[in-house]
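A.B. asks: Predicted coordinates and the sequence they were generated for:
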Amino acid sequence: MAGTLFFAWSCFLNVNLTHDVGMDELIFPQLLRAAGQPLFTIPLSQLATANLAPRNTADAAALSSMMKNLGGSIGIAMLSTMVQRREQFHFSVLAEAMTRNATRTQEQVRFIAGGLRGTVTDSAIATEQALTSIALICPPGSLCVSLFRCILDGRRWTYDQHLHYNNVRETC
């Protein structure tokens, strides 16, 4: 129970993450996860081998450990693939919206170029630097959106599975 609470607390601390987050904001949540993981996994390992004969305990512990590692590897691979595909999608959506002719892009270019005019004398160079700085926003922004969407979709999938399980249980 305590391990689950540590994991939940660490996730709650990471709710407002952006691409500008630094190491200082990640240390405490990571320490909470490090403290919560043994509190979560050791009782599960004990449950897996609790009612077995002593001669079967080592095999059960090895099988349980292997399944935990295999499940973690598959989960990380699936999540990485989902994040990468969503990042490509959101990057294309953001890039399509940020054309030179878009009104918001022109407003941002004027604003950034105006701030650069103190250091850059040529307005064409200031405009190009402004466009470059706007283009640099797109990749981290698409990564943040894709991570957020993957988390929301995972919660939605878990909720849908919970509803499906309850509906099946009620009909039986």
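C.D. replies: Alright, I've got the coordinates. Just so we're clear, the structure is a prediction, and the values are computed from it rather than from any experiment.
A.B. asks: neighbours of Val120, just the number please.
C.D. replies: 16 (other C-beta atoms under 10 Å). The way it works is simple: take the backbone N, C-alpha and C, and place the C-beta from them, glycine included.
A.B. asks: Look up the closest residue to it, ignoring the ones flanking it.
C.D. replies: Ala126 (4.5 Å; C-beta to C-beta, 6 or more residues apart in numbering).
A.B. asks: contacting residues for Arg86?
C.D. replies: Neighbour list for Arg86: 145-146, 149-150 [criterion: C-beta atoms under 8 Å, 6 or more residues apart in numbering].
A.B. asks: The residue minimising distance to the centre of the chain and Ala124, how far apart?
C.D. replies: Central residue of the chain (C-alpha atoms, centre = their mean): Leu147, 3.9 Å from the mean position. Here the criterion is C-beta to C-beta, to the nearest Å. By it, Leu147 lies 37 Å from Ala124.
A.B. asks: Give me the pLDDT value at Cys31.
C.D. replies: That one is not Cys; residue 31 is Leu. Note on Leu31: pLDDT of 91.
A.B. asks: Now it: which helix or strand?
C.D. replies: If you go by DSSP states H and E, Leu31 is part of helix 23-49.
A.B. asks: Pull out the buried positions in that helix.
C.D. replies: Residues 29, 32-33, 36, 40, 48-49 are the ones in helix 23-49 that count as buried (16 or more other C-beta atoms under 10 Å).
A.B. asks: quick one: buried residues of stretch 102-117?
C.D. replies: Buried-residue list, stretch 102-117, by 16+ other C-beta under 10 Å: 105, 108-109, 112-113, 116.
A.B. asks: And stretch 88-96, by the same measure?
C.D. replies: So for stretch 88-96, counting by 16+ other C-beta under 10 Å, buried means 90-91, 94.
A.B. asks: ok, so of the residues you listed, who is nearest Ile74?
C.D. replies: Closest approach to Ile74 among the buried residues of stretch 88-96 (C-beta to C-beta): His90, at 24.4 Å.
A.B. asks: tell me the contacts of the closest one?
C.D. replies: 141-142, 145-146, 149.
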